[in-house]
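In: Make a model of this:
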Amino acid sequence: MDKFRLAALAGASLIALEAAGIGYTGAAWAGDVVASPDGSGGSDDIIDGTVDADDLADDAVTSDQLADNAVDTAAIEDNAVTTNKINNGAVTTDKIQNNAVTEAKIQNNAVTTDKILNNAVTTAKIENNAVTEAKIQNN
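Out: Numbers count the residues shown, from 1 in each chain. Down below sits the predicted model:
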């Protein structure tokens, strides 16, 4: 079945139907508009201005056709946002919840001397026998 585009102006007596690149314009009908390429008016057709996913061709709706803020959290399926779909630099410090970065998520050797605040390493944070004579600087 060919996909088609139906346009009707509310309160006007004009309806335009475009199928397979051939345009047709004619008078509007009173009541519900049922349009289908084969004229059957079956259950898969556009009725009462409702458009369901089954009425749309694959890839018919692109990001250019979505209104700003049209896709909210509820509209995104679980696990639909993958690493490849997140722009570099999109996840900033403000977007990371407190306590979300755990030890398991920190790569080995990622915390360097420059990243440790002055006075951040206290006696309580040093394990017993961790500071050996070789690690103490001679003055």
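In: where do the strands sit along this structure?
Out: 4-8, 14-19, 22-27, 34-35, 46-47 (DSSP state E).
In: Now the third one: average pLDDT?
Out: Mean pLDDT, strand 22-27: 46.
In: where are the low-confidence patches of the protein?
Out: For the chain, the stretches with pLDDT under 70 are 1-49.
In: cutoff 90 now
Out: 1-71, 75, 133-139 (pLDDT under 90).
In: wait, what's in contact with Phe110?
Out: Not Phe; residue 110 is Ala. Contact partners of Ala110, counting by C-beta atoms under 8 Å, 6 or more residues apart in numbering, are absent. Every residue, glycine included, has its C-beta placed from N, CA and C.
In: Could you measure from it over to Glu103?
Out: 11 Å (C-beta to C-beta, to the nearest Å).
In: Next: Lys135.
Out: From Lys135 to Glu103 the distance is 22 Å (C-beta to C-beta).
In: Kindly report the same for Asn88.
Out: Plainly put, Asn88 is 25 Å away from Glu103 if you go by C-beta to C-beta.
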